[in-house]
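Peer 1: generate a structure from the sequence data that follows.
(2 chains)
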Amino acid sequence: ETGVTQSPTHLIKTRGQQVTLRCSSQSGHNTVSWYQQALGQGPQFIFQYYREEENGRGNFPPRFSGLQFPNYSSELNVNALELDDSALYLCASSLIAGVSTGELFFGEGSRLTVL
Amino acid sequence: AQSVTQLDSQVPVFEEAPVELRCNYSSSVSVYLFWYVQYPNQGLQLLLKYLSGSTLVKGINGFEAEFNKSQTSFHLRKPSVHISDTAEYFCAVSDLRDTDKLIFGTGTRLQVFP
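Peer 2: Modelled structure (predicted):
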């Protein structure tokens, strides 16, 4: 039990729709990172939020956006959904110094299916 | 850019047998190395990490890994596996020139048979 909770656990959307995924980080952690894990692939970095600001971004288009709130919880928003967006979306909370040293605590993920 | 290669997508093994899961990365310049495990329907959990010092690192559940700079490898080993070790294992690297993320390999599915 990492203390990182994600919601919803599963959801189904259709192409063109928008989705919001939520993450509650572990107590005391100020950094949230989001990863996309497509079927049969490793997690790919989407972006990271530190103190409510985007602190780094992977190779994902602008229709992937996020927020971090004062309590350090976070949202991932995806607009204009495409079939290839179907994946498990993982949230990881940490201290900012813990990212490079692998001290990431992952939630169980939100599995998105786009039809 | 850094990349991580896990050549074995699946490794079947019998219980109590030894196992090695292979991992190679693209550059040995300023990196930290990790192995994560993902049990079914769960998030990733850190097994072990190499930051500096001894090249042989020990992790949870009896796993160990060896950092080999000349071969840019970080293979994971366990001398005797249990059924409960059945899971997906991911090798990952942190590039110290770009510290906001981990770069993961594609994973190795370890299947332990009785």
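
Peer 1: low-confidence ranges in chain A?
Peer 2: A:1-2 (pLDDT under 70).

Peer 1: quick check: residues of chain B near chain A?
Peer 2: Applying C-beta under 8 Å from any C-beta of the partner chain, we find that chain B lies next to chain A at B:4, B:6, B:9, B:32, B:34, B:41-46, B:49, B:51, B:90, B:92, B:94, B:96, B:98-107. C-betas here are computed from N, CA, C, even on glycine.

Peer 1: of these, buried ones?
Peer 2: B:4, B:6, B:32, B:34, B:43-46, B:49, B:90, B:92, B:94, B:99-107 (16 or more other C-beta atoms under 10 Å in any protein chain shown).

Peer 1: how about the nearest residue to whatever residue of chain B ends up closest to chain A, chain neighbours excluded?
Peer 2: Per C-beta to the nearest C-beta, residue B:100 is where chain B lies closest to chain A, at 2.9 Å. Nearest residue to residue B:100 in three dimensions, chain neighbours excluded: residue A:56, at 2.9 Å (C-beta to C-beta, 6 or more residues apart in numbering or on different chains).

Peer 1: which strands and helices lie in contact with the one helix or strand that neighbour maps to?
Peer 2: Using DSSP states H and E, residue A:56 falls within strand A:53-57. With contacts taken as 3 or more C-beta pairs under 8 Å, 6 or more residues apart in numbering or on different chains; DSSP states H and E, strand A:53-57 sits against strand A:44-50.

Peer 1: tell me what the strand it packs on is packed against?
Peer 2: strand A:31-37, strand A:53-57, strand A:64-68.

Peer 1: and of these, who's closest to residue B:65?
Peer 2: strand A:31-37 (21.6 Å; C-beta to C-beta).

Peer 1: got the contact list for residue B:102?
Peer 2: Contact analysis of residue B:102 by C-beta atoms under 8 Å, 6 or more residues apart in numbering or on different chains lists A:43, A:45, A:99, A:102, A:104, B:34, B:92-94.

Peer 1: still on that earlier bit, which of the buried ones among the residues of chain B next to chain A fall in helices?
Peer 2: When helices are assigned by DSSP state H, not one member of those lies inside them.

Peer 1: tell me the bridge partners for residue A:91.
Peer 2: As for beta bridges, residue A:91 partners with residue A:34 under DSSP bridges.

Peer 1: neighbours around it, how many?
Peer 2: Residue A:91: 29 surrounding residues under other C-beta atoms under 10 Å in any protein chain shown.

Peer 1: contacts only, for it.
Peer 2: A:4, A:6, A:21, A:23, A:25, A:32-35, A:74, A:76, A:106-107, A:109.

Peer 1: make sure residue B:15 is actually in contact with residue B:114.
Peer 2: Yes - contact criterion C-beta atoms under 8 Å: residue B:15 and residue B:114 qualify, at 5.5 Å.

Peer 1: common neighbours of those two, please.
Peer 2: Joint contacts of residue B:15 and residue B:114 (C-beta under 8 Å, 6+ apart) are residue B:83.

Peer 1: residues contacting the residue of chain A found nearest chain B?
Peer 2: Proximity of chain A to chain B (C-beta to the nearest C-beta) peaks at residue A:56, 2.9 Å away. Residue A:56 is in contact with A:45, A:47-48, B:98, B:100-101, counting by C-beta under 8 Å, 6+ apart.
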